[in-house]
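>>> Sharing a sequence plus its predicted fold:
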Amino acid sequence: MARFPIMLKKIIWSQYLFAFLLVTVTFSAAQTATPEQRTGRYLESVRRQPSLLLAFMREMPKGGDLHNHLTGAIYAESFIRWAAEDGLCVDTKTFQLSEGGCDEEGKAQAKAALEDPVLYRQMVDAYSMRDWSSARESGHDHFFDTFFKFDRATRDHVGDMLAEAAAQAADDRLTYLETMFAPDQGRAIRLGSNLHLSGDFDWTKNLDDIRKDLLGSGLEEVVAAGKRNLDEFEARMREDLHCGKPNAEPGCGVTVRYLYQVLRGLTPQQVFAQILTGFEMAQADPRVVGFNLVMPEDWHVPMRDFDLHMHMIDGLRKFYPRVHISLHAGELAPGLVPDDGLRFHIRESVEIGHAERIGHGVAVMHERNPIGLLREMATRNVMAEICLTSNDVILNVRGQEHPLPMYLKYGVPVALATDDEGVSRSDMTREYIRAAETYDLSYSQLKRMARTSLEHSFLPGASLWSDGQEFRRVAACAGDSPSQKASAGCGNFLAGSEKARVQWKEEGEFDKFERQY
């Protein structure tokens with residue numbers, strides 16, 4: 001009986017000793033862990049706590065948004081405010097904005113919405129996916145119809161829209177933004193309308209001649225007008241953001257570049273004129289870093305002419321080999337189009353259209369030989385721009401039905417993007433949260449996506465990374481800390497590359513972020 005207290009003391013002492021050793025080992029492991037590893041552990045600790053996960057993701061650096069439609073990036077509330085300022089009218093049934101005729105039956109002054117809460121919320125819902133219900137109409141139809149309704153409010157506010165997009169990007173801890181719009185404001189379309197071709201015209205044989213005709217009949221002025229417009233739009237953006245002043249907003253620190261958008265739902269002549277303008281503008285103005293084809297991929301004309309559009313790009317690229325190309329492809333789902341329409345868009349975009357990035361790519365597993373295509377994209381280093389919220393609301397594709405896991409499995413570079421955050425009522429932070437929660441992505445995987453976005457941006461200059469897969473720095477900057485002044489060698493390297501400078505800035509943001517943990 002006397003031995004029992006002694007044994008009990010030994011047991012208690014052993015437990016204290018074990019606890020002490022456990023704390024010591026844990027503390028030692030924490031001390032030897034890298035900031036990235038400690039940050040990753042923190043993410044795992046809050047992964048199932050929505051409020052803390054939101055706070056973490058809000059502050060996490062996210063690189064660049066490479067798939068961003070300027071008009072779709074703006075929130076409905078801004079369109080209503082601008083419509084009121086511009087004296088526009090609103091159809092009280094369809095909520096489409098227009099000029100004049102506000103006293104007509106069924107119309108009202110847009111400014112009335114600022115005093116009428118019912119009209120105001122109806123307009124917000126009409127211009128976005130807020131309170132959308134699949135019982136009334138498909139997400140696809142409601143989404144794309146919004147653009148026609150608020151279009152008139154965009155025309156005189158491009159600079160304001162750029163300011164809002166840059167401010168949103170900064171709030172989302174983005175360093176870089178590539179946004180899509182046409183700086184020439186329809187001039188290329190009008191120029192293409194003047195092309196009168198015979199019904200049996202063969203684009204494959206006469207493409208060079210049409211290019212010469214357009215260059216000689218006003219395309220240079222279209223490009224010049226686009227450059228002048230960009231000057232004006234950017235000046236307004238800087239004014240709105242107070243750039244260069246003591247009260248400058250964070251959006252001033254976001255590097256903004258442009259993809260010339262081609263409306264692919266028009267006639268072949270108009271599409272060709274736009275593609276040619278996209279090539280010419282990207283070659284003439286460094287702010288325009290490439291081009292993309294937009295409008296619903298499932299509509300009749302884009303489906304009918306998809307192959308033709310790819311061959312137009314292929315035929316023109318020989319004149320502009322350094323111009324970058326990102327293409328919407330595979331923004332489709334079964335039932336939206338006939339099955340044969342799902343089979344070739346991504347492959348043709350890569351193999352004929354010379355796409356360096358694929359926008360959406362949702363239908364990749366419906367392509368012919370999808371695994372071979374995924375491996376080809378990985379080999380060619382073609383990145384997929386992943387827009388999870390957009391693919392959900394437009395295509396009803398989400399969760400494990402989405403091909404993001406397949407892109408990751410086969411080594412295709414991927415980056416998250418917003419697509420149309422204003423219409424979708426989303427932002428990049430929520431895209432990251434969605435990816436982390438749905439696919440159980442680790443911090444290192446999310447960080448890789450952010451780095452990949454900048455690696456595959458169309459900014460000029462050499463990359464900071466000698467290996468864009470493992471993200472090993474170039475020798476000149478290998479020993480430098482992004483939180484400190486760069487060495488002479490690294491400084492010289494950064495001075496010669498705009499891309500590397502943006503990447504270096506992002507690494508500094510990661511360094512500050514991870515030091516918190």
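Happy to help now that I have it. All values reported here derive from a predicted model rather than from experimental measurement. Residues are numbered from 1 along each chain as shown.
>>> Point out where the stretch 1-150 of the chain drops to low pLDDT.
For the stretch 1-150 of the chain, applying pLDDT under 70 flags the ranges 1-31.
>>> Helices of that one, start to end?
Ranges of helices in the stretch 1-150 of the chain, per DSSP state H, counting those that start in this stretch, are 3-32, 35-46, 50-59, 76-85, 117-126, 139-154.
>>> cool, and the stretch 351-500 of the chain?
Going by DSSP H, counting those that start in this stretch, the stretch 351-500 of the chain shows helices at 370-380, 388-395, 404-409, 421-424, 428-439, 443-455, 488-495, 498-515.
>>> for the record, mean pLDDT for the fifth one?
Same thing as helix 428-439. Per-residue pLDDT values over helix 428-439 give a mean of 98.
>>> list the helices and strands it packs on?
helix 50-59, helix 388-395, helix 404-409, strand 414-416, helix 443-455 (3 or more CB pairs under 8 Å, 6 or more residues apart in numbering; DSSP states H and E). C-beta here means a position set from N, CA and C on the backbone, and glycine is covered the same way.
>>> neighbouring strands for the shortest one, and are they parallel or not?
Same thing as strand 414-416. The strands beside strand 414-416 in its sheet (DSSP bridges) come out as strand 383-386 (parallel).
>>> Put the alpha carbons of the partner strand into CSV.
The C-alpha atoms that make up strand 383-386 are tabulated as CSV, following Å, rounded to 0.1, in the frame of the first residue of the first chain:
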residue,chain,number,x,y,z
MET,A,383,-2.2,28.3,-68.6
ALA,A,384,-5.9,27.9,-67.6
GLU,A,385,-7.7,30.9,-66.3
ILE,A,386,-10.1,29.4,-63.6
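>>> can you pull the contacts of the spatially most central residue of the chain?
Computing the C-alpha centroid of the chain and ranking residues by CA atoms, centre = their mean puts His67 first, at 2.3 Å. Shown in contact with His67 (CB atoms under 8 Å, 6 or more residues apart in numbering): 178, 326, 359-360, 385, 387, 417-419.
>>> May I see those residues arranged in a markdown table, with neighbour count, distance to Arg368 and pLDDT as well?
A markdown table is the format used below for the contacts of His67 (neighbours: other CB atoms under 10 Å; distance: CB to CB, whole Å; pLDDT from 0 to 100):
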| residue | neighbour count | distance to Arg368 | pLDDT |
| --- | --- | --- | --- |
| Glu178 | 26 | 30 | 98 |
| Ser326 | 27 | 22 | 98 |
| Gly359 | 30 | 20 | 98 |
| His360 | 28 | 18 | 98 |
| Glu385 | 26 | 22 | 98 |
| Cys387 | 26 | 24 | 98 |
| Ala417 | 26 | 26 | 98 |
| Thr418 | 31 | 30 | 98 |
| Asp419 | 28 | 26 | 97 |
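>>> Show me which of those residues is closest to Leu408.
Glu385 (14.2 Å; CB to CB).
>>> Wait, the closest one touches Leu66, no?
Yes: assessed by CB atoms under 8 Å, Glu385 is found in contact with Leu66 at 5.6 Å.
>>> Give me the common contacts of those two.
Joint contacts of Glu385 and Leu66 (CB under 8 Å, 6+ apart) are 326, 357, 415, 417.
>>> May I ask which two of these are separated the most?
So, these by CB to CB: farthest apart are Ser326 and Ala415, at 11.4 Å.
>>> what touches both of these two?
Joint contacts of Ser326 and Ala415 (CB under 8 Å, 6+ apart) are 66, 385.
>>> Test my guess that Asp305 contacts Val271.
Yes: contact criterion CB under 8 Å: Asp305 and Val271 qualify, at 7.1 Å.
>>> before we move on, back to that, which non-adjacent residue is nearest the residue nearest to the centre of the chain?
Counting by CB to CB, 6 or more residues apart in numbering, Ala417 is the residue found nearest to His67 once chain neighbours are left out, at 3.5 Å.
>>> Now do the one you found against Ala384, distance only.
Distance, Ala417 to Ala384, using CB to CB, to the nearest Å: 10 Å.
>>> Check Leu332 too.
14 Å.
>>> Which one's more surrounded, the two?
Ala384 (30 against 23; other CB atoms under 10 Å).
>>> Would you enumerate the residues in contact with the more buried one?
Per CB under 8 Å, 6+ apart, neighbours of Ala384: 357-358, 360-361, 364, 377, 407, 412-415.
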